[in-house]
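>>> structure here, sequence nowhere to be found:
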């Protein structure tokens, strides 16, 4: 009976590992999809900013061509300046969200206490040129 018990135990452990790995993969795929969406949102907002810069440039050139004084307090320019400022704040918010997503770990998983470098087996330093130097 011990062979059957050992087989059941090992099968159970293998199934648990398989479930954990599948969960980790699903988590990472969703994480990467969210990061990609953030990048697309940032690109979309940056295009809007570029469009507003173009509108400002056309306005300023038009005023220059007509030999008018350029008034930065004009409603047209103020509206665009405010829009650009808001869009840049939105981009910063998305970048912060994206950074949090990058740091996210699958549920039940934690970073090693002293960062990824302490994750080597046995807590030993990885071998390399610096560890063999006299």
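Arrived safely. Keep in mind it's a predicted model, so treat the numbers as computed, not measured. Numbering: from 1, shown residues only.
>>> and the nearest residue to residue 95 once chain neighbours are set aside, its phi and psi?
Nearest in space to residue 95, with sequence neighbours left out and distances taken as C-beta to C-beta, 6 or more residues apart in numbering, is residue 42 at 6.9 Å. All C-beta atoms are positioned from the backbone trio N, CA, C, and that covers glycine. Backbone geometry at residue 42, expressed as degrees, to the nearest 10, gives phi -60, psi -40.
>>> repeat that for residue 67.
According to degrees, to the nearest 10, residue 67 has phi 60, psi 40.
>>> spatially nearest residue to the spatially most central residue of the chain, not counting backbone neighbours?
Taking C-alpha atoms, centre = their mean, the centroid of the chain lies closest to residue 98, which sits 3.0 Å from it. Excluding the flanking residues, the one nearest residue 98 by C-beta to C-beta, 6+ apart is residue 38, at 4.2 Å.
>>> was I right to think the residue nearest to the centre of the chain contacts residue 40?
No - between residue 98 and residue 40 there is no contact under C-beta atoms under 8 Å: 11.0 Å.
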